[in-house]
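Enquirer: here is the input, now give the coordinates:
(chains A and B)
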Amino acid sequence: MTFQRQRQAAAERAEALLKSSGVKGLPVPVDSIARQCKVAVQYIPLDDEISGMSFIKNGAAVIVVNSAHHPNRQRFTLAHELAHHVLHESYLAKNVHVDTAILQRNEKSSEGTDVKEVEANTFAAEILMPRALLKAFGRVDVNDDAKIAEMARQFKVSPTAMAIRLENIQFA
Amino acid sequence: MDEGAIYRAFGRAVAQRRRAIPKTQEQVAREIGLSRASLANIERGSQKVFLHQILALTKALELESSHEIVPTKAPEQSQASREEVRFSGAKDLSRNQKAFVTNLVRSLSKSQDRK
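Expert: Model (predicted):
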C-alpha cells in the first residue's frame, strides 16, 4: 500500500491551507484554522474508542472531537477531521463519518485501509507538523528521546506522532 | 535481500513499542543487559541482534510474542505504511455507539439550525 500520489496531493492541500491562514508560530492553531474553513467544532466527551466525527447537515459543516482524550490527541483528531471536510466534502454530504483510532503496526493492518484515511492522516501530519517548520530543527536523530519530546512539546503533538513524522520525512 | 532494511524495520518496531508502553531506552537496556547506546544502535538498525536478545526484548517490551517486533518477511521498499491511521469506524461500531452517534448528530444539527 502506498497511495503515494494521493498522499502528495493531500500534503499539498494542507500546505496551501497553512499558507493562506498565515500560520507562522508554534503550536499550529488548528482550531482557528478550522474556524477559518467555516467548520463548527464541538468538544464533547465520547466513547473512548471514538476519536471524532465529521458531517454536514443542512449545509453546516460540523466536527466533533472527543474531549475525553489527551489534548494532543484532540489536536490530531481535529486536524484529521478537518482533512475530511477539506478533501472529502461530497462524501460527507451523504455520510456521517466516525473515526476510531489505531496506531498502525505493520503492513498487514493496512490492508483494507481506506484511501480517505490515509489522505486525512497525511493532511493532519502536515498541518500539525509543517515540513517547513520542522526543517528549522535540522536533521534530528529519531532515537533521541529527549529531542523528540522537546519538539513534540513545541508542536503540541504526542512524541510518537513526532517520531513517526520525522521518520517519514527524513527517510523518504 | 537488503539486510539493513530488516534490522531497521526491527529497530523501528522496538522503538515504537518502547515509546508506546512507555519506557525509556535506559530502562529497557538495563532489563536486557545492554548499554543504552547499544539499544539505541539496535533501534536505529545499525546493530545486529542475537536470538536471546530478541527474546529478552520481547519480555522487556511486555509482548506476548516476538512476532510483534520481528519482521515476518523481508520489508518492501516502500515506507508509506508507517503512519497513524484511523479507520472510518462506522463498520466497527457497536450498536450502542451507533445509537449514541445518531442522537448526537440529530441534536447537533438542531442546534446548528437555530443559529
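Enquirer: when you work out contacts or count neighbours from here on, use the C-alpha atoms and nothing else.
Expert: Will do.
Enquirer: longest helix anywhere in chain B?
Expert: Counting by DSSP state H, the longest helix found in chain B is helix B:95-114.
Enquirer: check which helices and strands that helix sits against.
Expert: Helix B:95-114 sits against no helix or strand, with contacts defined as 3 or more CA pairs under 8 Å, 6 or more residues apart in numbering or on different chains; DSSP states H and E.
Enquirer: so who does residue A:64 touch?
Expert: By CA atoms under 8 Å, 6 or more residues apart in numbering or on different chains, residue A:64 lies in contact with A:41, A:42, A:43, A:44, A:52, A:53, A:54.
Enquirer: give me the pLDDT for residue B:82.
Expert: Looking at residue B:82, its pLDDT is 31.
Enquirer: oh sorry, the question was meant for residue A:104
Expert: On the pLDDT scale, residue A:104 is placed at 43.
Enquirer: and the one 3 residues further on, by the same measure?
Expert: Model confidence at residue A:107, expressed as pLDDT, equals 35.
Enquirer: shouldn't residue A:40 be in contact with residue A:61?
Expert: Yes: here residue A:40 reaches residue A:61: they are 6.2 Å apart, a contact under CA atoms under 8 Å.
Enquirer: just want to know which of those two has more residues nearby.
Expert: Higher neighbour count among residue A:40 and residue A:61: residue A:61, with 21 against 16, using other CA atoms under 10 Å in any protein chain shown.
Enquirer: got the residue ranges for the helices in the chain?
Expert: In the absence of a named chain, chain A is used. Ranges of helices in chain A, per DSSP H, are A:4-21, A:30-36, A:71-87, A:89-92, A:115-128, A:131-135, A:145-155, A:159-170.
Enquirer: hmm, I had chain B in mind actually
Expert: B:3-20, B:25-32, B:36-44, B:51-60, B:95-114.
Enquirer: which secondary element of chain A has the worst mean pLDDT?
Expert: Taking mean pLDDT, DSSP states H and E as the measure, chain A has strand A:97-103 as its least confident helix or strand, at a mean of 73.
Enquirer: got CSV for the helices of chain A, with distance to residue B:95 too?
Expert: Shown next, in CSV, are the helices of chain A (distance: least, CA to CA, whole Å):
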stretch, distance to residue B:95
helix A:4-21, 33
helix A:30-36, 30
helix A:71-87, 23
helix A:89-92, 21
helix A:115-128, 23
helix A:131-135, 41
helix A:145-155, 36
helix A:159-170, 31
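Enquirer: ok so, going back, where among the helices of chain B is the average confidence lowest?
Expert: With a mean of 74, helix B:95-114 has the lowest mean pLDDT of the helices of chain B.
Enquirer: hang on, the earlier thing: which of the contacts of residue A:64 lies closest to residue B:47?
Expert: The closest of the contacts of residue A:64 to residue B:47 turns out to be residue A:52 (CA to CA; 40.6 Å).
Enquirer: report pLDDT for the closest residue in space to that closest one that isn't next to it in sequence.
Expert: Take residue A:52 and drop its neighbours on the chain: the residue closest to it by CA to CA, 6 or more residues apart in numbering or on different chains is residue A:65, 4.5 Å away. If you check residue A:65, the pLDDT there is 95.
Enquirer: just checking, residue B:45 touches residue B:10?
Expert: Yes: using CA under 8 Å, residue B:45 is in contact with residue B:10, at 7.1 Å.
Enquirer: the two: who's more crowded?
Expert: Comparing residue B:45 with residue B:10 by other CA under 10 Å, the one with more neighbours is residue B:10, at 24 against 20.
Enquirer: fine, thanks again, bye for now.
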